[in-house]
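> Let me see the structure of the following:
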Amino acid sequence: MGKSVLVVDDEADIRKALRIVLEAEGYQVLEAGDGLEALQMVHQARPELIILDIMMPHMDGLEVLRRLEADPETAGLPVIFLSILSSEMDVMHGLEQGAVEYITKPFDPFQVARTVRMMLEELDREGRHRYRQQLIERRRRGSTPLHRLFHSPEE
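Numbers count the residues shown, from 1 in each chain. Have a look, this model is predicted:
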């Protein structure tokens, strides 16, 4: 099998659909049904990329991402959010938190697979360590807090 992708969603049908498509693309697919299980899986299996639902029991995807970013071992691990939360504010917030991509439900599993392939190809081109460093630096420099996007400088 190829590179590993962790699919984290509390809906088994979603995990199954993504597993089928991603395995057909040659990826090794790991699955977790909630945020706590996802964190354990990340530390045990060291996936190359995570597809992460936001709204889950025990620990939501935003908290999972915060914990991954706070840990030097997992900071910069590419995370694609896959969520029913689909407003522009939700998408901006997810990206601002550090996701490399945000896909809304309902989704096309083949589009998710294309996004995974593009992200992993970028990792291969840039080198994993260098990619992580660039991603972390980009977040530090370019992240505009959500509240500042909607207020003028004079306020």
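
> which stretches of this protein form helices?
12-24, 35-45, 61-70, 88-96, 109-126, 128-142, 146-149 (DSSP state H).

> Burial-wise, tell me which of these comes out on top.
When the helices of the chain are scored by mean count of other CB atoms under 10 Å, the highest mean neighbour count falls to helix 61-70 (a mean of 19). Backbone N, C-alpha and C define where each C-beta goes, glycine included.

> what angle do that one and helix 88-96 make?
Calculated by axes from the mean of the first three to the mean of the last three CA atoms, to 10 degrees, helix 61-70 forms an angle of 20 degrees with helix 88-96.

> Just the residues contacting helix 61-70, thanks.
Helix 61-70 has contacts (CB atoms under 8 Å, 6 or more residues apart in numbering) with 8, 35, 38-39, 42, 50, 52-55, 74-77, 79, 81, 83, 94, 97-99.

> Among these, the buried ones, what's the ChimeraX command?
Provided next is the ChimeraX selection string for whichever of the contacts of helix 61-70 are buried by 16 or more other CB atoms under 10 Å:
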select :8,35,38,39,42,50,52,53,54,74,76,77,79,81,83,94,97,98,99
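
> How much space separates Leu39 from Leu6?
Distance from Leu39 to Leu6, counting by CB to CB, to the nearest Å: 10 Å.

> Same question for Glu31.
When distance is defined by CB to CB, Glu31 is 7 Å away from Leu6.

> more neighbours, the two?
Neighbour count, other CB atoms under 10 Å: between Glu31 and Leu6, Leu6 has more, with 23 against 19.

> pLDDT score for the more buried one?
Looking at Leu6, its pLDDT is 98.

> How about the contacts made by it?
29-32, 38, 41-42, 45, 47, 49-51.

> now it, which residues is it bridged with?
When bridges are called by DSSP bridges, Leu6 pairs up with Leu30, Ile50.

> May I see the helices of the chain organised as JSON lines, with distance to Ile103 and mean pLDDT added?
Converted to JSON lines, the helices of the chain look like this (distance: least, CB to CB, whole Å; pLDDT from 0 to 100):
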{"stretch": "helix 12-24", "distance to Ile103": "11", "mean pLDDT": "97"}
{"stretch": "helix 35-45", "distance to Ile103": "17", "mean pLDDT": "96"}
{"stretch": "helix 61-70", "distance to Ile103": "12", "mean pLDDT": "94"}
{"stretch": "helix 88-96", "distance to Ile103": "9", "mean pLDDT": "88"}
{"stretch": "helix 109-126", "distance to Ile103": "6", "mean pLDDT": "89"}
{"stretch": "helix 128-142", "distance to Ile103": "18", "mean pLDDT": "62"}
{"stretch": "helix 146-149", "distance to Ile103": "20", "mean pLDDT": "40"}
